[in-house]
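J.: have a look at this prediction, sequence included:
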Amino acid sequence: MKKFTSINDIQDLEMILNEAIQLKANPYSFKDLGKNKTLGLIFMNPSFRTRLSMQKAALNLGMNVIVLNINQEGWKLEMEDGSIMNGDSVEHVKDAAAIMSVYCDIVGIRCFPELKSKEADYSENVLNSFLKYCTVPIVSMESATLHPLQSFTDLMTIKENWNKPSKPKVVLTWAPHIKALPQAVPNSFSEWMCKADVDFVITHPEGYELCEDFTNGATIISNQEEALKGADFVYVKNWSSYENYGSMPEVKEDWLLTNEKVKGTNKAKIMHCLPVRRNVELTDELLDGSDSLILKQAENRIYTAQTILKKMLVAP
Ligand code: CP
């Protein structure tokens, strides 16, 4: 596997899900595969789970790991080809990516959107620059538009928690927040759910429609109560507007999920990628309740990362 930046890099979804579940059952079964190999992680933005789960996954495979918080510890990167670098950027991505490829056998990159220009963010300029100039496999650790490691984990967690022959109903519901967040997690979750063996529904207030490139195949219901009826899994996430890019259109109705609202579901399991602003995005009662899957999701981040790294080590 040369890159993992979206579900399109997965050849057989069922097979890779089973591989992750098998690695979870026996995490050290490939503990020598990564001997003398180095994983390099470049963070342009903060992270808790992605950073730690990638490191743990690499260690389980016997790899060494180096981490660069590039915005705090590195030189400011220039992304434009052919630019005259007489401004505040000091190092060109062409050089940085080439050098990472000498130091590392696999490179992970986290590069959030700026939420200022839809065209700039959805062009995935930063991720694509690393893809262009790195000569080793690249893993997205969340880009401007997608978070494939999270979505792989979310689907793995749904599979582990569903043992009926029928398809589960999975609902992605928008949640309130105090600041504008990227669309990467909901875009990615939608893209994965639309290809998975589930009935997938998205519910959000007016003005929060996601990019149709990622929601093709989903049922979109604006009434949250209606959408939640009979749900087996409810995935809670805030995102900012795609249409009026990066804005937070006013929402008059109450979109905070509560125990009361969940009564209309099929005793739904509650999911969130974390970090979560408790009692703003999702209530304590649901986050800490017996149907919450949030810790299982966070745990599974290790095994989906390990599956992707293993694939890159076996056939780079
Ligand atoms: N879910 C997730 O990606 O968590 P972090 O932002 O903490 O890595």
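T.: Sure thing, it's come through. None of the values given here were measured: they were computed from a predicted structure. Numbering: from 1, shown residues only.
J.: identify all contacting residues around stretch 235-245.
T.: 115, 117-118, 121, 154, 170-177, 180-183, 185-186, 189, 204, 207-211, 246-249, 257, 270-273, 276, 281-282 (Cβ atoms under 8 Å, 6 or more residues apart in numbering). C-betas here are computed from N, CA, C, even on glycine.
J.: so for it, what gets flagged as buried?
T.: Residues of stretch 235-245 classed as buried by neighbour count (16 or more other Cβ atoms under 10 Å): 235, 236, 237, 238, 239, 240, 241, 242, 245.
J.: now that stretch - C-alpha only, CSV.
T.: The C-alpha trace of stretch 235-245 is given here as CSV (Å, rounded to 0.1, in the frame of the first residue of the first chain):
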residue,chain,number,x,y,z
TYR,A,235,-22.6,9.1,15.6
VAL,A,236,-22.5,12.6,17.0
LYS,A,237,-20.3,15.3,15.5
ASN,A,238,-20.2,19.0,14.9
TRP,A,239,-19.1,20.6,11.7
SER,A,240,-19.2,24.1,10.2
SER,A,241,-21.0,25.0,7.0
TYR,A,242,-19.7,23.8,3.7
GLU,A,243,-21.9,26.0,1.5
ASN,A,244,-21.2,29.2,3.4
TYR,A,245,-17.7,27.9,4.0
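J.: indicate whether it makes contact with the ligand.
T.: No. Judged by Cβ under 6 Å from any ligand atom, stretch 235-245 stays clear of the ligand, getting no closer than 10.2 Å.
J.: secondary structure class for residue 251?
T.: coil (DSSP: H, G, I helix; E, B strand; the rest coil).
J.: so it touches residue 205, yeah?
T.: Yes. Look at residue 251 against residue 205 with Cβ atoms under 8 Å: they come within range, at 4.4 Å.
J.: what about the two, which has more around it?
T.: residue 205 (17 against 14; other Cβ atoms under 10 Å).
J.: about what we covered before: among the contacts of stretch 235-245, which ones are in strands?
T.: 170, 171, 172, 173, 174, 270, 271 (DSSP state E).
J.: look through this structure and tell me its longest helix.
T.: Longest helix in the chain by number of residues (criterion: DSSP state H): helix 294-314.
J.: that one packs against which elements?
T.: With contacts taken as 3 or more Cβ pairs under 8 Å, 6 or more residues apart in numbering; DSSP states H and E, helix 294-314 sits against strand 3-4, helix 13-25, helix 49-60, strand 106-110, strand 138-140, helix 148-160, strand 269-271.
J.: the ligand is nearest to which of those?
T.: With Cβ to the nearest ligand atom as the criterion, the ligand lies closest to helix 49-60 of the helices and strands packed on helix 294-314, at 3.2 Å.
J.: residues in contact with the closest one: which ones?
T.: Taking Cβ under 8 Å, 6+ apart as the rule, helix 49-60 contacts 27-28, 30-31, 34, 39, 41, 43, 64-65, 67, 108, 110, 139, 141-142, 149-150, 274, 298, 301-303, 305-306, 309.
J.: the ligand contacts on the chain?
T.: 47, 48, 49, 50, 142, 150, 273, 274, 275.
J.: give the contact list for the closest residue to the ligand within the stretch 151-300 of the chain.
T.: Ranked by Cβ to the nearest ligand atom, the top residue of the stretch 151-300 of the chain for proximity to the ligand is residue 273, at 4.0 Å. Counting by Cβ under 8 Å, 6+ apart, residue 273 touches 147, 150, 154, 185, 237, 297.
J.: and the helices in the stretch 101-250 of the chain, which stretches?
T.: Listed in chain order, the helices of the stretch 101-250 of the chain (DSSP state H, counting those that start in this stretch) span 118-122, 125-133, 148-160, 184-195, 212-215, 224-228.
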